[in-house]
Structures are given as structure tokens and as C-alpha cells.
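> For reference, the sequence and a predicted model appear below.
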Amino acid sequence: MHPRRLLLLFLLLLFIPPATTHAETPPNILWLTSEDNGPQLGCYGDKYARTPNLDALAARGLRYNKAWSNAPVCAPARTTIISGRYPTGDGGEHMRSMVPLPAGTLLYPQLLRAAGYYCTNNSKEDYNLDKPDGTWDESSAKAHYNKRPANQPFFAVFNTTISHESQIRTPGHKLVHDPAAAPLPPYHPDTPEVRHDWAQYYDKLTEMDQEVGRRLKELDESGLAETTIVFYYGDHGAGMPRSKRWPYNSGLQVPLIVYFPPKYAHLAPEGYQAGGSTDRLVSFVDLAPTLLSLIGKDAPPFLQGRAFAGAHTAPAPEFLHGFRGRMDERYDLVRSVTDGRFVYMRHYMPHLPYGQHLGYMFQMPTARVWRDLAAAGKLNADQRHFWEPKPVEELYELQSDPWEIHNLAETPEHQKSLNTLRKALENQARQVRDLGFIPEAERLRISGNQQSPRDAFQTEAAYPFEAVFDLASRASRYSDADPTPFVNALSHPHPIMRYWGVLGLQMRGAAGVQAGHDRLLVLFGDTSPSVRIAAASAIGLHGPSSDLLACLALLVREADPTQSSQPAAMEALNGLDALDEKALPVKDRIAALPLRDPNTPKRLQEYVVRLHEKISTDLGMPAPAGKNQDTGK
């Protein structure tokens, strides 16, 4: 049967009233969510935190000890939630990207509305997917379940931005928490700036807790508390550097508390009890199927998670998966996995530093002082790590090392765990056919704005995944010193293979670029903008000086977002920025480049501006006109 007909049949089935074996009416469901905070709450054992309302909710509900957000930054994390799918497989993993939904899929509010629910979101969306019309009954700062028709069950989200990264660094804040008592992670330097930021973070958690308390009181006063299942969760880890944006446990672990009133105790997870906790592995991809399970519906096959409560509870997964793609204006490719005890991270672009300059992140005083102390050589080994070259693999044992500072990837006694998690990570990439190995500009060139990347690259001809994945894995393993496979890949008929051939040589420095020099020059005329840019960047960094002007000319040409594409401009500007003072001969041409493409969604336009600001500062140029606006991620 055609996928669209299957989807229509599924929707018709959903219009059948929800199953109510143990109750006459279906449950209401309330989600209370917060931003940029991990489990730094009193109910999770944090003695510094002051969170009485969430502590009280946990005292009558169930606390999840091992919940992950899948992505360590808001837009990809929320994309996972709204779609019930891994964005790495759909092309929505990059921060503030915007891609169409894969054919034959629906967002969870559409599924709930089809089942008879009144669905509201108040109010942040920030999805990396195009939201179809009719997704919500209302999504705004005024959206509320009290607007629903009489006797209609509701699903409602109330999100608070109080704890967001931008609020941690707001100047003029009068601290309530004592900064001298702030629990600093060992990777952060102990300075007044860092202590102030952490204390202000905890102050904001207290304010967030008060907002949660207000929403719970409102529910109770409306007479709906005993017919409403309540979820509370944060959208990813703490909004501090090296937590937010990084797929360590510190960036992915979120607080998750669920409360089931007695009327719906039969829908609660096995072992549910007031004040209880569970070590079941759950992540954001599991939320959509859980919602359907709570209203008596089985999940459609396009949802990729597992229900952890309700009539269709599924067995717990063995692993949770995280990812890092482009973070604002900076590209990266990291995947992580946990079994609840160990966390494994695999870097596929280890030549890019941890501490890449992100304009938004470096507004945080902690980020700036940490970077400055690293440059001055005033950090210890644990604190320096974030500013040093990446390893290819990282492995951490959370029981003995909750801050993830002792990399066990090369210790003989942990090779069994390393191999198990490595295999799990690779299997996940294969299962979703991870699109993160396709450079963003090339992905857009093929899929455009009307077709989902998942659909555009579903065939082997469009995306020879196994060959690409094997080449990318070898390219990023420095132990494989032979440049021959990467030189050969430069002549491959598929552009994604050529791209990873270039990166394989670039990661091997001058020797690698020299081995493929002549073929790299040929790629300056490649059909793929990503291949052209990668080749010019590699030779510009590691090739002969006689080729520099040609490299710079190509990168400047591709850096015009009105002539290429927004992702191509970002890739080219990243290449120019990496060249540092080598880019001085074209600084005037860089200054003359357009900053924005009016045809690009506004949520993406800011990143080219930020790259221009960084390059201008480094090359001693005036700040570009049309300075970037803070969009409050």
C-alpha cells in the first residue's frame, strides 16, 4: 500500500476514542519543561540547589535517574521530541537548520489531535523541521488548556526560559546562592567569574522551580490535578560551557519526573511509587510513543523510540544515543552512546578543536576566562583538556567519574566496554542511515527546500552509506596513516566520498595534502560546493604557499550566501577563519561580502554574521555592518 494511504488509514484509526479500560475518561497530560538545566535539583541529591516545588513533585511521583535529551542544545533536542525520531537520520541535527518532514511521518501533536486531544504549546517551538499547519490547536504565549471545548481531554506544554543560558550571564544579577559554596566541575577553573556563573545558574533554577510550582498550583485550583498526568523535564544539560552543546552525559542528562494520579495508576510504569526512582534508560525519542501509549494507542512504525509507560510499554533500550552536529556557526560531527554506566564518544572530525569560537557561547564570562587562562598556560591537566586536540574516542565510567574527566578509551581493562559501546554506536548510525556524514551544503544542494533529506538520500545511489561511513571512520582514525585510500577517494564518482577523501588528507596534515595535492587542485572545479571548499581549505592550511591565493579566491567566492547557499557560505567562512593571518590578502574582499541572504530563513542568517565578526576581529578589520542580534537560544 502507498505510504500516504497507510498514513491516512492510521489517522482514521486514531480517531477512534482512546482506550479507557480502567477509567471512564482519558487522562489529561501536562508537560512542564525548562531550558538549559541538568539534574541539579534537590530531589536528585544536589545539596546546593533550592528547588522545593520540584522536590515535592518528585516526592509524590517517579524520578528517572538516567534520562537523556539525545542532543545537547535546544533545537535538535526539541526536534527529537516533536518528531519522535532521531534527527541524525532525517537531516535535522544541525542547530537551527530547517528541513521538511520525511514522507509518511507525523508530529506527535498531530497524532494526539487525531485521537481527540486538545493540544497546546506555551510557547517555544524551535524545531529544525518544517511544522505542518494544524500541528497544534494553539502554540503561543497565550496557549492554555483552559481554552479547550468542554469535556475534551488536553495535552499541554508550558515551557519556561528562566534557566536558559542567556539568563545565567545577565549582568546586574544579585546572587542568592553563595558563590563560595558553588560546586564547580573539575574541568572549570576556580575563578570569581566561574563561581558567579554557577551561582547565578542555581539562582535561575530556583526561579524556574517557582514557575513550575505556579503551574502546578494552577492545575490544582482548576480541579484537574486528579485527572492529569504530569511530566517535568529539562531540554538538555546545564547551559554552561562543556555541558551545553557537548554530547557528554553532562550535556545530555536531564531531570525527568512523572506523576500519575491514583485514577491513572494503571498507566504508570512498573514499580511506580511515590518518591521512587528508576534507572530505566529513557531519552527524548521515547516521549512521543509514551504519549500514545498513555492514551491506549500503539506507536506507528515511523516513531523510533520506546514507550516507557501506558498500555503499550516497551522493554527498556540497552543504550541511549546522543549527537553533536553544527553548533551555531561551527561545524562538528560527534556521536555518543551510554549504557547507563559508561559513556562513549566518537569524534569524526577530531581535527576541529573542542573550544571552537562560538559567538553566542563566548558571551558567557566562564567561557572567556577559561579560554584566556588556557592561552596563558595557567590551567591544570583536567582544565586544559577542552582546549587541546581531540582524541578520536572517549570513554568515561560515570560511577567513579561523574564529571567525565578520565578518558579510559586506551586502558586495557576497559576494552570490552569500549568495544561494546563502539559497536552500539556504529549500529545506530547504520540503523538510521546517519545523514550527518553528508556535508550540509551538499545535502541542501540535492534535497533543496521542498524534499526531506531522508527522502532525497534514501537510495544507495544517492547515499552509499556503508562506503561513506567506512571512509569517514578511517579518515578520522589517525592511527591509519596511509593516505592512499583518501587519495583514491578524490577520484570517486560520488561527491560525499570525495569530500571524506579530502578530509582524510587534511587530517593527516602536510604529508596527507602533499600526497593528494594534484588531485585536490582538480577538485577546485568540483560540482559539489562542499568538496570545492574542503579542497581549498586543505591546501590553504597545509599546501604550498604558491597555491594560497587560488585557495583564498575560491573560499571568498563561496562565502557569498547570495550566490551559493547559507551552509556553503558557513563552510567557506569557517575555512577562511581557520587560515587566520593567511587570509589577510583578501580581507577587503571578505569585508565586501554580503552578510545575509534575504531568501534564507532568519533563524539561519545570524551565523554568517557571527563568522564575519570573528574574522574581522582576527584580521584587524572594522566590525561588519548589521551586527548580529541575540536570538536567545
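Yep, it's here.
> In space, what's closest to the most centrally placed residue in the chain - neighbours in sequence excluded?
Central residue of the chain (C-alpha atoms, centre = their mean): Ala71, 3.1 Å from the mean position. Excluding its sequence neighbours, the residue lying closest to Ala71 (C-beta to C-beta, 6 or more residues apart in numbering) is Ala77, at 4.2 Å. Where C-beta positions appear, they are placed from N, C-alpha and C, glycine not excepted.
> could you dump the host helix or strand of that neighbour to CSV, C-alpha only?
Assigned by DSSP states H and E, Ala77 falls within helix 74-83. Only the C-alpha atoms of helix 74-83 are listed here, as CSV (Å, rounded to 0.1, in the frame of the first residue of the first chain):
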residue,chain,number,x,y,z
CYS,A,74,17.7,23.1,22.2
ALA,A,75,16.6,23.0,18.6
PRO,A,76,17.9,19.5,17.8
ALA,A,77,16.6,18.2,21.2
ARG,A,78,13.2,19.6,20.5
THR,A,79,13.3,18.2,17.0
THR,A,80,13.8,14.8,18.5
ILE,A,81,10.8,15.3,20.8
ILE,A,82,8.3,16.7,18.3
SER,A,83,9.1,14.0,15.6
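> And the strands in the chain, which stretches?
All strands of the chain, identified by DSSP state E, fall at 28-34, 62-64, 67-68, 118-122, 138-139, 154-160, 228-234, 256-259, 276-278, 282-283, 320-324, 334-338, 342-347, 393-397.
> Give me the pLDDT value at the spatially closest residue to Ala141 that is not a sequence neighbour.
Distances taken as C-beta to C-beta, 6+ apart put Ser123 closest to Ala141, at 4.5 Å, once the chain neighbours are dropped. pLDDT for Ser123: 96.
> Isn't Ser123 up against Ser139?
Yes. Using C-beta atoms under 8 Å, Ser123 is in contact with Ser139, at 6.4 Å.
> between the two, who's got more neighbours?
The residue with more neighbours, out of Ser123 and Ser139, is Ser139; 18 against 15, by other C-beta atoms under 10 Å.
> Can you show me the helices along the stretch 451-600 of the chain?
Assignment of helices within the stretch 451-600 of the chain using DSSP state H, counting those that start in this stretch yields the ranges 453-456, 465-475, 484-489, 495-506, 509-515, 517-522, 529-542, 548-558, 566-578, 587-591.
> Tell me which stretches of the stretch 251-400 of the chain form helices.
Under DSSP H, counting those that start in this stretch, the stretch 251-400 of the chain gives helices at 287-294, 365-375, 381-384.
> Summarise which helices and strands the first one is packed against.
Put plainly, it is helix 287-294. Judged by 3 or more C-beta pairs under 8 Å, 6 or more residues apart in numbering; DSSP states H and E, the packing partners of helix 287-294 are helix 74-83, helix 108-114.
> nearest to Asn249, of these?
Closest to Asn249 of the helices and strands packed on helix 287-294 is helix 74-83 (C-beta to C-beta; 14.7 Å).
> Pull up the distance across stretch 231-243, start to finish.
23 Å (C-alpha to C-alpha, to the nearest Å).
> can you list contacts of the helix holding Ala77?
35-36, 69-71, 86-87, 90, 92-97, 101, 105, 107-109, 124-129, 131, 235-236, 283-285, 287-288, 323, 325, 633 (C-beta atoms under 8 Å, 6 or more residues apart in numbering).
> Next, count neighbours for Gln356.
17.
> Skipping its backbone neighbours, what lies nearest it in space?
Per C-beta to C-beta, 6+ apart, closest to Gln356 is Arg330, 4.3 Å.
> what's the answer for Ala103, then?
Asp455 is the one closest to Ala103 (C-beta to C-beta, 6+ apart), at 5.5 Å.
> Could you check how many residues crowd around that neighbour?
17.
> could you measure it against Ser140, distance?
To Ser140, Asp455 is 31 Å away according to C-beta to C-beta, to the nearest Å.
> just to revisit the earlier point, quick one: residues contacting the residue nearest to the centre of the chain.
Contacts of Ala71 by C-beta under 8 Å, 6+ apart are Ala77, Thr79, Thr80, Pro87, Glu93, His236, Pro247, Leu252, Phe284, Gly322, Phe323, Arg324.
> Which one of those residues is nearest to Gly172?
So of the contacts of Ala71, ranked by how close each gets to Gly172 (C-beta to C-beta), first place is His236, at 26.4 Å.
> That closest one and Val254 touch, don't they?
Yes. Taking C-beta under 8 Å as the definition, His236 is a contact partner of Val254 at 6.4 Å.
> With neighbour numbers in mind, choose between those two.
His236 (31 against 25).
> Can you tell me the closest non-neighbouring residue to that one?
Using C-beta to C-beta, 6+ apart, the nearest residue to His236 is Ser69, at 4.2 Å.
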